[in-house]
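K.L.:
With the input below, show me the fold.
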Amino acid sequence: HTEAERPAVTVPVDISSYTVGDGMQASVEQNYQGKQGASVLTGKEGFIEWQVAVPQTGLYNIGVDYYPMEGNGSDIERELLIDGVAPFDGARTLTFQRIWTDGESMVKDDDGNEYRPFQVEAPRWMSMVLRGSSDYSKGSYLFYLEQGTHTLRLISNKEPMAISAIRLFQEEELPTYAEKQQEYRQKGYQAATKEIMIEGEAAAYRSSPTLYAINDNSSPMTSPTEVGKIRLNTIGGYNWRYQRQWLEWKFTVTETGLYKLNLRTMQNFNEGASSTRSLYIDGEIPFEEAKDLTFEYSMDWQLNSAGENDTPYLFYLEAGEHTLRLENTLGKISDVLTQMQQTVYQLNGVYRKILMVTGTTPVGIRYIGHQLTQDIHRISNRTAEMAGMQIPVRSCHLYFPISQSAETGCQRGCLGTDHAGIGNQDHVGFQQILM
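P.N.:
A predicted model of the protein is given here:
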């Protein structure tokens, strides 16, 4: 349905009108945690479902406004069924993140060494467009819905949460940086003359309690630093390696204008590869290119200017309080990994059909070569199609596992992908942000 229309309508779901099952404990509360109107509090097990009338056939994004209720401290997991069926695998593993912050200021021991503060939750209402957390998809999910009434079911796999709104809508396309530049010129925006410096270790919020400030003494330029003392002066690194993990900083702008963004970083984990982060300012990605800020491999700290072809991007900021968020993402490699995953899936299908003819220990090679294309329907066309697919990643390859994988359940002789160091090993350390 990739060519289906995307209707320019927003369809709200009446969250107060629901049904539950399998032990779900749900209730409606008014003005919950400062949110005006009705909210549905959902438990950590069972399911809750709603009816929604779709006015026009097409592809829709699904947005959810949620509040992470007190639980065990892990991310919230839900499975989405539409009319009783998961529309695709990614809909089975939807993750709704919690927010964490330092529970105290930087603390020093008796010797004057800093040690990391404990982490506490900082829950608040958040809006999320459903998207992947454990697959290789890029951007938000699109759901194909025909005109008529449909059932949306959320199955609780982990942790409770409150929901104030669910809506079908169309996510707006981001402008390109060229279009943003034109807007700057039309509005007469001018470059700011003042500089803003944000210490990386001073992140206000994070998506995981493991994203805490750490110590680095590899460079005398790192600040703050003190000879013979431990100072928490960086953040990120190895702990910041999973997709969708983010760090957020608060800062104050005293002069309205256009700012460049420079980041002092070190990415010394993925040799020969780059790490990618999406940039959010005040909760929004300012333009398309800000989705994929890349940080190349280096054993030393580098001053990276957010930009393209040695031309830094400009960001318009008004005087006042702002937030800056960097989120781990697969970036442009996402499309390649998705293609690899699809190809391996198809190869496994072909391989299983071959086993139906040859068995696991084939005998009579002459018979196999003569009979294979006759006994396996369309195998020649399938393999020819896959042979024409190009996967331009030198660090990815296909392999035959020699035993069953506990993670995938793959038996001996089936195909898989080896992408260690690409998706889930994406680290970068941050020391300073300059604007």
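
K.L.:
Every contact and neighbour count from this point should use C-alpha atoms.
P.N.:
Will do.

K.L.:
residues in contact with the residue positioned nearest the centre of the chain?
P.N.:
Closest residue to the average C-alpha location of the chain: R244 at 3.0 Å, with C-alpha atoms, centre = their mean. By C-alpha atoms under 8 Å, 6 or more residues apart in numbering, the contact set of R244 is 133, 327-329.

K.L.:
wait, is it part of a helix?
P.N.:
No: counting by DSSP: H, G, I helix; E, B strand; the rest coil, R244 is located in no helix; its state is coil.

K.L.:
Could you shift the numbering so residue one becomes 5, and keep it that way?
P.N.:
Right, with 5 as the first residue, what we last looked at is R248.

K.L.:
Which element, helix or strand, includes the closest residue in space to it that isn't next to it in sequence?
P.N.:
Nearest residue to R248 in three dimensions, chain neighbours excluded: N332, at 5.0 Å (C-alpha to C-alpha, 6 or more residues apart in numbering). Element membership for N332, per DSSP states H and E: strand 324-333.

K.L.:
Can you report how many residues lie near E53?
P.N.:
21 (other C-alpha atoms under 10 Å).

K.L.:
tell me the SS of it?
P.N.:
strand.

K.L.:
Could you look up the SS state of T347?
P.N.:
helix.

K.L.:
now the helices for the protein?
P.N.:
181-191, 337-362, 369-379, 383-391 (DSSP state H).

K.L.:
Check those for me: which has the lowest mean pLDDT.
P.N.:
The minimum mean pLDDT among these belongs to helix 369-379 (a mean of 55).

K.L.:
Alpha carbons only: can I get stretch 36-47 in CSV?
P.N.:
Written as CSV, here are the backbone C-alpha positions of stretch 36-47 (Å, rounded to 0.1, in the frame of the first residue of the first chain):
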residue,chain,number,x,y,z
TYR,A,36,-4.7,13.6,35.6
GLN,A,37,-1.2,14.9,36.4
GLY,A,38,-2.2,18.4,35.1
LYS,A,39,-3.6,17.2,31.8
GLN,A,40,-7.0,18.9,31.1
GLY,A,41,-9.8,16.5,30.3
ALA,A,42,-10.2,12.8,30.5
SER,A,43,-7.3,10.3,30.6
VAL,A,44,-7.4,6.5,30.7
LEU,A,45,-5.1,4.8,33.2
THR,A,46,-4.0,1.4,31.8
GLY,A,47,-2.4,-1.5,33.7
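
K.L.:
list the buried ones in that stretch?
P.N.:
Across stretch 36-47, burial judged by 16 or more other C-alpha atoms under 10 Å covers 36, 42-47.

K.L.:
same deal with stretch 53-68?
P.N.:
For stretch 53-68, the neighbour count (16+ other C-alpha under 10 Å) marks 53-56, 58, 62-68 as buried.

K.L.:
Likewise for stretch 231-246?
P.N.:
So for stretch 231-246, counting by 16+ other C-alpha under 10 Å, buried means 234-246.

K.L.:
circling back to that earlier point, who are the neighbours in contact with the residue nearest to R248?
P.N.:
Contacts of N332 by C-alpha under 8 Å, 6+ apart are 244-250, 280-282, 430.

K.L.:
Over to S302?
P.N.:
270-272, 275.

K.L.:
Go through those residues and say which is closest to T153.
P.N.:
Q271 (49.6 Å; C-alpha to C-alpha).

K.L.:
Isn't the closest one up against N308?
P.N.:
No: between Q271 and N308 there is no contact under C-alpha atoms under 8 Å: 11.1 Å.

K.L.:
where do the contact lists of those two overlap?
P.N.:
Common neighbours of Q271 and N308 (C-alpha under 8 Å, 6+ apart) are F299.

K.L.:
so which pair among the buried residues of stretch 36-47 is furthest apart in space?
P.N.:
Of all pairs in the buried residues of stretch 36-47, the most separated under C-alpha to C-alpha is A42 and G47 at 16.5 Å.

K.L.:
Let me see the contact set for N221.
P.N.:
T229.

K.L.:
now do 6 Å
P.N.:
Not one residue lies near N221 by C-alpha atoms under 6 Å, 6 or more residues apart in numbering.
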